[in-house]
Each structure stands twice: as C-alpha cells, then as structure tokens.
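Chemist: Provided below are the primary sequence and the corresponding predicted coordinates.
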Amino acid sequence: WLNGNIPSPITDEAVIKHSVTLTGDVTIGSITFEGISSELKLSGHALSMYGLHQKSSGKGFSGDSLSKITVNGWEKGSDPIEFDSGKGKLSDLKVDVSADTVEIGSNLNIYQKLNLEAGSLKQTVGELTLISDENNTAQLIKNGGKLISDFVYSRAYREEASGWRMISSPVNDANFSSLNASFFTQGGSWASNMASAPNTSLWLFDSGNQNFNGYYGSDSTFTSGKGYLFYMFNTDPNGQQILPANLEMKGKEPDSLTLALYRGSHDSLSYNLVGNPFAGTLDWHEIVNDGTDLATSYAIWDPAVSSGGGSSGFKYYNMSGEIGSAGRYIAPMQGFFVQDINENSELRFNQSQKTESSPDKFGIKRPAQTVAYINLTLFGESDIPLDDQAHIVFSDRGSLGRDEFDVDRIRSLNQNKSSISFLSEKKDLRVFEGRPVDIENDKIDLRVELNSTGYYSISIGKMKSIPKDWAIKLTDKKINKSVNLRERDEYEFY
C-alpha cells in the first residue's frame, strides 16, 4: 500500500511504507510496516486481520474512539501491535485466535468493548486502559479468551461540586492509595494527608450496626464486590481544581463472585453496601435472578448531592415495578445498597450480567413502566425539589402488608435533608409502597421530615395507569385540612 492507496478492501498481504488512511472497512491477512513514515490510520473504520503482523520500523497504527480492530488469526513470530504515540485509541478490540497470544506493545485506550472470544491478550509495553466517560462505558467481555496482564479501568466523575461518591473496584487487589493519584485524600497513612476522626475521605459500611466507620489505618486493598463511601473534594488545600477527575484502578478482573449478605433483626436493618466488581455495566434484573433471597430493589447515592441543600440524596430502583430514578443498569466502579430479606441470602456476580446498555452517572431510567403508580414530590421554597423518590405502586402482587414493591428508606448522608416517606404498619419509613390494584378505599400514612422552618409543598410528580375517577386526597393532620391532588397542582404548607 503506497501513497494512501488501498487497492482492495480484502487483501492477503499488505506492506505499508508510507502513511495510509482507511476510507472504509478492510480485511487483511499479513501486514508489515516498513520505513520510518509507515503508518495505518484507521480513521473510524474497522480492520480485520488474520495472519502475520510485523513492524521493523515506523509509527504503526493510528486509531481513535470510533475505530475497531479484530484479530481473527495470529501467526507465531508476529511482532506486538503498536500504535503511534498519542494515537493508541480504539472503540473495540476483538481477539479470536484459538490458543495463540496476541501482544500489545504500546499504550492503548478502549472506549467501548474489549472482546476476548478465544486465545489470550497480553500487554507487553505501556498501559491497556478501558475508558468510562460522558460518552462511553467500556467493558471487558470474556467469552472464552483471557487477558493475562493487568489493565487499568478509568471512570470519569463529572460533577464539579465536593461530595460523597459510592465507589467499588473493578479489579482484584487495588490499593486504597490508588485514590491519591487523582484526588486530595485524608485519613490514615493510606491517604496523601493524615487526619484524625471524623475527617477521613474513605468510609466503610458496617452492616451489623447499619452505619459507616471512617478508615484511618495503613494502606489496604479494596475487596471485590464491596462498596465504599468516598468523599471527593473539588479543590485541594491550595485551591487547585480537582473535579472533574478520573478514578483509575489497575489489576485483573475477577471472573465471578459470591457474597454472603447480612440479615438484621428487621428488613430495614438488613442493608449491605456492595459494589460492581467488573469492568462493565451490570443489569440489576440479572443480579436479582442469579441471587438468593435478595430484595428486588437497590439504592445509590446521587453524586449531584453535596453536603448543603435539603435533598434526600439516595436514588432507588425496583425491579418488580421497573420504577425508580437509580435505573436498571449499574455503572462500573459503582457502590450500591442491597437488602437481605431472609437468612442465608447470597449475592452472585457473574459475567453474564454484563450489558451493553449504557448507564449515566448513577444509572439510566427505563422508558417503559410496567405497573400503575403515583409519584409524590416534596418541594422547598422557590419550587426547589427536595425529594422525588416516593412511589405508591398498584399491582395484583401488591398487598396491605409487606410485598415485593416495598422499599425501606436508607438514612441519608446529607444531615440537612428533607424527605417524604410512607409510614408502614411497623412505623418503618419507605420510599416505595406497594398496594393491591383492586382496592377501593385505602389510606397510607406519610411522614414528612424537614430540615428547617419555611414554606413547602407536595404535589404529584408522575402518575401512570391510575383510573380517572380515583380521588387522591392528601390530609394535613396538623390543621385537619384535606385536598384532592387531582384537582389542584400542589398542597402548600408551613
């Protein structure tokens, strides 16, 4: 191939002596780079190769976040695949080479999928990095092949305000000190700055007392499948901007994982903080189906919530009704709360739970809702939404007692929060409350918690499949006043 000329999209052998730019998808057998200016610019196209790869000199490949390479064959004696400096980028890399080992000899970023169908992949020089940012969520797919070297997973955190993030590690044996590379940290000797209680950046959840404990010890490793609470400062002590920033962890991904969950004396005391242990997005429905005695809901902390304001903070999702703003899909490096509903519950993470559906910063909302529901929203002054998580769910599987739609509220990380919850018959606070669909008259107690005096309002945020002749009456017990929320937009109170 000379002077940018590609004679055929299917070629048995290509010798590249100058810079060549693909103008379409190409399949080649052997490929050889000769001469200091030899370069193959993928330019957003797909290259399939199945023979010998040799590079005596030159720049090698130049990729971008849209380009793809598939290696369907790899002859013994091939040189490692190399990319020009700063051009080691691919949307997808697929390796399907039987028992052979494909080698990468330069830095390479993967933005969508590293697919290992057969054979092995080994990084001999530089770093292999999977990228999760505002446009991409890269995942490692191990259908039959294996990655025999470490890789880096890099997740972007775009919120610019200081605040809590619930995190997890997508690799085995990543150190707590890996947080120091991109963030200002404080705590024990693991951190970049020593600090005494209660000022650590890293907190561990104790399921036994349903509370967080700050970590002030020496450097240790993240446990695969566990979630952690990490405080991200937006600036360092010198005022230098930190956020947005990328959290990166390096190691090898576990193939599968089983966690025994803690069961407390009551459902509301049986939360466990777990985390996505894989390099890829997970489907919560598949996690529930593979587990034993798991509640069908999970919860995450909204990273947009800072320590100020009055937002309740946690976002929830329920598989039974496919309802909730946390969303069905769980992002890489995401910690989340699950609930044990019976003794001997187990949570199982498997590779088959990975999905190509892309979450946003805390999940993606399902477009289809499969049950009838009423969503209540609490507003502060100036119509600032404080809590929009409360849902009454109507189904033939709902009941006046506890059912699969009921979700207990988790104690907020925001001490200044305001919230609206349903009060169960045992006085538990719930964000989702299931009821029978054929009930003619029903009364549900609400609990409103407010962080300060002032004017507030309650309104119907969303509603689906509710009969038009239903009256939705809200009663303020303090002043004994009732309003029909179907006839007025909101109920305001002080």
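Modeler: Everything's here; your move. The structure displayed is predicted, hence computed values, not measured ones.

Chemist: quick one: list the elements packing against the lowest-mean-pLDDT helix or strand in the chain.
Modeler: The least trusted helix or strand in the chain, going by mean pLDDT, DSSP states H and E, turns out to be strand 10-16, with a mean of 91. Of the remaining helices and strands, those touching strand 10-16 by 3 or more C-beta pairs under 8 Å, 6 or more residues apart in numbering; DSSP states H and E are strand 26-33. (Each C-beta comes from the backbone N, C-alpha and C, glycine too.)

Chemist: and the contacts of the least confident helix or strand of the chain?
Modeler: Around strand 10-16, the neighbours that count as contacts under C-beta atoms under 8 Å, 6 or more residues apart in numbering are 1, 26-34, 38-40, 51, 58.

Chemist: buried members of the residues you listed into PyMOL, please.
Modeler: Selecting only the buried entries of the contacts of strand 10-16 in PyMOL, with 16 or more other C-beta atoms under 10 Å as the criterion:
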select buried, resi 1+26+27+28+29+30+31+32+33+38+39+40+51+58
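
Chemist: burial count for the nearest residue to Lys226 once chain neighbours are set aside?
Modeler: Nearest in space to Lys226, with sequence neighbours left out and distances taken as C-beta to C-beta, 6 or more residues apart in numbering, is Gly275 at 5.6 Å. Other residues near Gly275 number 25, with proximity taken as other C-beta atoms under 10 Å.

Chemist: ok, Gly275 - contacts?
Modeler: Met166, Ile167, Ser168, Ser169, Gly225, Lys226, Gly227, Tyr228, Met333, Gln334, Gly335, Phe336.

Chemist: so which of the residues you listed is the most crowded?
Modeler: The contacts of Gly275, ranked by neighbours (other C-beta under 10 Å): first place Ser169, 31 neighbours.

Chemist: how close does Glu490 get to Ile374?
Modeler: 14 Å (C-beta to C-beta, to the nearest Å).

Chemist: comparing these two, which residue is more hemmed in?
Modeler: Ile374 (22 against 16).

Chemist: sorry, back to before: now do the helix or strand just after the least confident helix or strand of the chain: which elements does it pack against?
Modeler: Using DSSP states H and E, the helix or strand that follows strand 10-16 towards the C-terminus is strand 19-21. Helices and strands touching strand 19-21, by 3+ C-beta pairs under 8 Å, 6+ apart, are strand 39-41.

Chemist: from Asp438, how far out is the residue nearest to Val393 when sequence neighbours are not counted?
Modeler: Among residues not flanking Val393 along the chain, Phe405 sits closest, at 4.3 Å (C-beta to C-beta, 6+ apart). Distance of Phe405 to Asp438, given as C-beta to C-beta: 15 Å.

Chemist: burial of the residue nearest to Val393, as a residue count?
Modeler: 27.

Chemist: same deal with Ser412?
Modeler: With other C-beta under 10 Å as criterion, Ser412 counts 18.

Chemist: wait, it sits on Gly313?
Modeler: Yes. Look at Ser412 against Gly313 with C-beta atoms under 8 Å: they come within range, at 4.8 Å.

Chemist: Val171: what's it in contact with?
Modeler: Asp150, Phe151, Tyr153, Ser224, Met249, Lys250, Gly251, Lys252, Glu253, Ala279.

Chemist: filter these down to the buried ones.
Modeler: Phe151, Tyr153, Ser224, Met249, Lys250, Gly251, Lys252, Glu253, Ala279.

Chemist: can you tell me which two in those residues are farthest apart?
Modeler: Spatial extent of these (C-beta to C-beta) is set by the pair Phe151 and Ser224 at 14.9 Å.

Chemist: quick one: low-confidence ranges for the stretch 1-150 of the chain?
Modeler: 2-4 (pLDDT under 70).

Chemist: helices along that one, start to end?
Modeler: Under the criterion DSSP state H, counting those that start in this stretch, the stretch 1-150 of the chain carries no helices.
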